[in-house]
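1. fold the stuff below for me.
(one chain, ligands or ions: 2)
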Amino acid sequence: MNKLNDVLEKLNTAQVNASWIFNTNITNYNEEQLLKETSKYNKEQKAIWQEIQKFSNYKQYQDPALRRQLEKLSVLGIAALDSNESQKFINISTEMERIYSSASVCLPRNGSLKCGLELEPDLSNIMATSRDYNLLRETWLRWRDSAGRPIRNLYLEYIRLGNKAAIKNGFKTLDDLWLFPWETPDFKQQIEQLWQEVMPYYQKFHAYVRMKLRKFYGAERMPNDGTIPAHILGNMWAQSWTNIFDVVAPYPGKKSLDVSETMRAQNYTALRMVQLSDKFFTDLGLIPMPGPFWRESMINKPTDRKVVCHASAWDFYNRKDFRIKMCTNVNMEDLITVHHEMGHIQYYLQYKNQPVTFREGANPGFHEAIGDLLALSVSTPKHLSKINLLSDYEEDHELTLNHQMQMALQKVSFLPFGYLMDAWRWDLFSGKASKNEMNRHWWMYRLKLQGVSPPVKRNETDFDAGAKFHVPASVEYIRYFVSFIIQFQFHKSLCDIAQPNVPLHQCDIDGNQEAGQRLAKALALGSSQEWPKTMEMMTGSRNMSAKPLIEYFNPLWKYIDEQIKNENVGWNFNVNQYMENN
Ligand SMILES: CC(=O)N[C@@H](CC(=O)O)C(=O)NC[C@H](CC1(C(=O)N[C@@H](Cc2ccc(O)cc2)C(=O)O)CCCC1)C(=O)O
Ligand SMILES: [Zn+2]
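-> Numbers count the residues shown, from 1 in each chain. Ligands and ions are numbered 1, 2, ... in the order given. So this is what the prediction gives:
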């Protein structure tokens, strides 16, 4: 088996290398190289897979670790397609990613038309900072015209081929293949259950934010069905509302917890942000970033070439080389993202000596939760003041509520979006939703779960889901919904060790070696055991639970209940009202 392990290592290293080169230097040559490398990777993976099929009686193996590795290797994924269909699938995926990452728009800018505006940083900045209702609507609409629409027909092909691949792996449809790594037969039910648990709290939060936006933009700009227009929430996909903090803050005059200004004033650089995050990990007794990380990572947007700016963390599967790629801006949002990416790297470092098949998170949600978990401590006012990013700090009720609001704008607003991104794709893959109504199905979920509506009518030539990175990039998303739930479970467990008598929302685990050790033990296991066992190691329970998230925001729920006395919580909707009947 360890011979196979070496082969798998070399295979993965070659593939990741080619992908890194393309992502950090987008040229036709590098794209061709990546395509060649990917087909080679798929062919060799398939050969190994066919080998393993011969040991089909692997279930009888005594050694549990060996049995588990063979079971993971028994699912090949997309590469199970025959060579020309597999090539077609790779071409479609590459084409969708190219369309998305090269999309740009024209916008009316003081009298003339400005063209070549890209998502990062141009459009994201407008969505975050503009309060001009019409400019926001134009930006929202034109991005979807440029990035979403051209992907629609490619996506239909993607689903057709993906479902064929699922069948070749012994599954019914592509959603079953996507869910395989979760090893949880009732996974969809567990997710729905978690959503039911948090939904009442989300709806109250939605009512509060809607009330504040109505006051700011005027009642005539708010739909009468109680939904919030998607373009005024500070984000291109309304997935995180942190950028409208100034509009919804409980105590606007109070010290803002957005330390971006202070970071710039203190000449923070991307490097300093990464060093700050590294220090938090090592103060917990975790593994410091190794030499190659500092030498090879790309943490600033290069000026001499095109790159994929979407932040990411990379494991080169050689137990030495780990990198992040980020077009870092010096602000608080990116300080959080740096911690998120460093959380991935820490996980890679902790499980690097596992067999290759176990070098994954206990489940994909675990991998997404680590960085955010540490960021929960970093973003407390107390910690920010400790690292000199917040001056004349004194804990009081107003500061607490402003902090709670800022955290809810990041975490609570995200929950329905994290769910619907895959609920929509599962329905399409499984055939539960018709391919002729993909956009209607998208807006059904956006209305039903998120209470967000399109600022202009949509139709079936639009493909609004395609305007979100993870759809053309075919990156599964439910991992983020799970992460936003379990990171609070982990936070509560580590806080019970580090600061047992501190309210959860004020807890900072910084420097607590015992908490660090509890975390390190769980991370070092990778996916070598089923995730409920690792969940039990971390939290004492085998199950996911939204209770710690709800507890973290207790002060905020009380405040919101007072504020929304005259508001109708929730919304009604009729998706026909937003779809042009074509
Ligand atoms: C080689 C490779 O691909 N590696 C994987 C890691 C691995 O699989 O090992 C990887 O780096 N994926 C990139 C992805 C980037 C980000 C993302 O896409 N975030 C979601 C959802 C979200 C939003 C807010 C938030 O606070 C946390 C998550 C979004 O932006 O919608 C962008 C900013 C944050 C994380 C990531 O790091 O997860
Ligand atoms: Zn991540």
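
2. how far away is L66 from S528?
-> 11 Å (C-beta to C-beta, to the nearest Å). To be clear about C-beta, it is placed using only N, CA and C from the backbone, and glycine gets the same treatment.

3. how near is the residue nearest to the spatial centre of the chain to ligand 1?
-> In the chain, the centroid-proximal residue (C-alpha atoms, centre = their mean) is Y480; its distance is 4.8 Å. Separation of Y480 from ligand 1 (C-beta to the nearest ligand atom, to the nearest Å): 4 Å.

4. now that residue. Nearest residue, chain neighbours left out?
-> Excluding the flanking residues, the one nearest Y480 by C-beta to C-beta, 6 or more residues apart in numbering is G418, at 4.6 Å.

5. which helix or strand contains the one you found?
-> Taking DSSP states H and E as the definition, G418 sits inside helix 414-430.

6. so how many other residues sit close to the residue of the chain found nearest ligand 1?
-> Residue of the chain nearest ligand 1, by C-beta to the nearest ligand atom: S312 (3.3 Å). Residue crowding around S312 was assessed by other C-beta atoms under 10 Å; the count is 17.

7. what is the burial count for K457?
-> Neighbour number of K457 under other C-beta under 10 Å is 12.

8. for it, phi and psi?
-> phi -60, psi 150 (degrees, to the nearest 10).

9. contacting residues around A473?
-> Contacts for A473 were tallied using C-beta atoms under 8 Å, 6 or more residues apart in numbering; they are 96-97, 100, 310.

10. still on that earlier bit, which element follows the helix holding G418 toward the C-terminus?
-> helix 438-445.

11. what sits up against that following helix?
-> Under C-beta under 8 Å, 6+ apart, the answer for helix 438-445 is 152, 155, 420, 423-424, 427-428, 433-434, 453-454, 458-460, 462-465, 575, 578-579.

12. apply 6 Å and report the result again.
-> Contact with helix 438-445 is made by 420, 423-424, 433, 458, 460, 462, 464-465, 575, 578-579, as judged by C-beta atoms under 6 Å, 6 or more residues apart in numbering.

13. out of those, which end up buried?
-> Applying 16 or more other C-beta atoms under 10 Å to the contacts of helix 438-445, the neighbour count classes 420, 423-424, 433, 458, 462, 464-465, 575, 578-579 as buried.

14. ok, of those residues, which one's closest to P355?
-> Closest approach between the buried ones among the contacts of helix 438-445 and P355, by C-beta to C-beta: A423, at 33.4 Å.

15. check what pLDDT the closest residue to the closest one other than its chain neighbours gets.
-> The spatial neighbour of A423 that comes closest, neighbours along the chain excluded (C-beta to C-beta, 6+ apart), is Y445 at 6.0 Å. Y445 is assigned 98 on the pLDDT scale.

16. kindly report the same for Y58.
-> For Y58, the predicted pLDDT is 67.

17. next up, the contacts around D321.
-> Taking C-beta under 6 Å, 6+ apart, one finds P292 in contact with D321.

18. more crowded one of L66 and S528?
-> The neighbour comparison of L66 against S528 (other C-beta under 10 Å) goes to S528, with 20 against 13.

19. am I right that the more buried one sits in a helix?
-> No - looking at S528 with DSSP: H, G, I helix; E, B strand; the rest coil, it is coil, so not inside a helix.

20. report the buried residues of the longest helix along the chain.
-> For the chain, the longest helix by residue count, based on DSSP state H, is helix 187-217. Across helix 187-217, burial judged by 16+ other C-beta under 10 Å covers 188, 191, 194-195, 197-199, 201-213, 217.

21. next one: that helix to chain centre, how far?
-> 18 Å (C-alpha atoms, centre = their mean, to the nearest Å).

22. and for stretch 524-533?
-> 21 Å.

23. and the average pLDDT for that stretch is what?
-> 98.

24. can you list the buried residues in it?
-> By 16+ other C-beta under 10 Å, the buried positions in stretch 524-533 come out as 524-528, 531-532.

25. same thing with stretch 263-275?
-> So, applying 16+ other C-beta under 10 Å, buried residues of stretch 263-275: 263, 268, 270, 273-274.

26. where strands are concerned, which of those count?
-> Counting by DSSP state E, none of the members of the buried residues of stretch 263-275 fall within strands.

27. which of the residues you listed fall within helices?
-> Using DSSP H, the buried residues of stretch 263-275 in helices are 263, 270, 273-274.

28. could I get those residues as TSV with pLDDT?
-> Output for those, formatted as TSV (pLDDT from 0 to 100):
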residue	pLDDT
M263	96
A270	98
M273	98
V274	98
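
29. one step back: could the contacts of helix 438-445 go into JSON lines alongside pLDDT and distance to ligand 1?
-> Below are the contacts of helix 438-445 laid out as JSON lines (pLDDT from 0 to 100; distance: C-beta to the nearest ligand atom, whole Å):
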{"residue": "L420", "pLDDT": "98", "distance to ligand 1": "12"}
{"residue": "A423", "pLDDT": "98", "distance to ligand 1": "15"}
{"residue": "W424", "pLDDT": "98", "distance to ligand 1": "14"}
{"residue": "A433", "pLDDT": "97", "distance to ligand 1": "22"}
{"residue": "R458", "pLDDT": "98", "distance to ligand 1": "21"}
{"residue": "E460", "pLDDT": "97", "distance to ligand 1": "25"}
{"residue": "D462", "pLDDT": "98", "distance to ligand 1": "20"}
{"residue": "D464", "pLDDT": "98", "distance to ligand 1": "15"}
{"residue": "A465", "pLDDT": "98", "distance to ligand 1": "13"}
{"residue": "V575", "pLDDT": "95", "distance to ligand 1": "24"}
{"residue": "Y578", "pLDDT": "97", "distance to ligand 1": "23"}
{"residue": "M579", "pLDDT": "97", "distance to ligand 1": "25"}
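
30. burial count for S112?
-> 8.

31. what does E395 give?
-> E395 has 12 nearby residues by other C-beta under 10 Å.

32. any figure for the gap between it and K382?
-> Distance, E395 to K382, by C-beta to C-beta: 7 Å.

33. what of C507?
-> Distance from C507 to K382, by C-beta to C-beta: 9 Å.

34. ok so, going back, thinking the residue nearest to Y480 is in contact with S483, fair?
-> No - here G418 does not reach S483: they are 8.1 Å apart, not a contact under C-beta atoms under 6 Å.

35. those two: which is more packed in?
-> Applying other C-beta under 10 Å to G418 and S483 shows that S483 carries more neighbours, namely 27 against 23.

36. just give the nearest non-adjacent residue to that one, would you?
-> E368 is the one closest to S483 (C-beta to C-beta, 6+ apart), at 3.5 Å.

37. which stretches of the stretch 1-150 of the chain form strands?
-> Along the stretch 1-150 of the chain, counting by DSSP state E, counting those that start in this stretch, strands occupy 104-109, 112-118.

38. buried stuff in the longest one?
-> The neighbour-count criterion (16+ other C-beta under 10 Å) identifies 117-118 as the buried residues of strand 112-118.

39. which residues of the stretch 351-500 of the chain lie near ligand 1?
-> When proximity is defined by C-beta under 6 Å from any ligand atom, the stretch 351-500 of the chain lies next to ligand 1 at 367-368, 372, 480.

40. which of those residues count as buried?
-> 367-368, 372, 480.

41. format the residues you listed as JSON lines; extra columns: secondary structure.
-> Formatted as JSON lines, these follow (three-state DSSP):
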{"residue": "H367", "secondary structure": "helix"}
{"residue": "E368", "secondary structure": "helix"}
{"residue": "D372", "secondary structure": "helix"}
{"residue": "Y480", "secondary structure": "helix"}
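
42. got a markdown table for these, with pLDDT too?
-> Conversion of these to a markdown table gives the following (pLDDT from 0 to 100):
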| residue | pLDDT |
| --- | --- |
| H367 | 98 |
| E368 | 98 |
| D372 | 98 |
| Y480 | 98 |
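
43. residues in the stretch 151-300 of the chain within reach of ligand 1, list them.
-> Going by C-beta under 6 Å from any ligand atom, the residues of the stretch 151-300 of the chain near ligand 1 are 239-240.

44. where do the strands sit along the stretch 151-300 of the chain?
-> 228-229.

45. and what of the stretch 351-500 of the chain?
-> Applying DSSP E, counting those that start in this stretch to the stretch 351-500 of the chain gives strands spanning 452-453.
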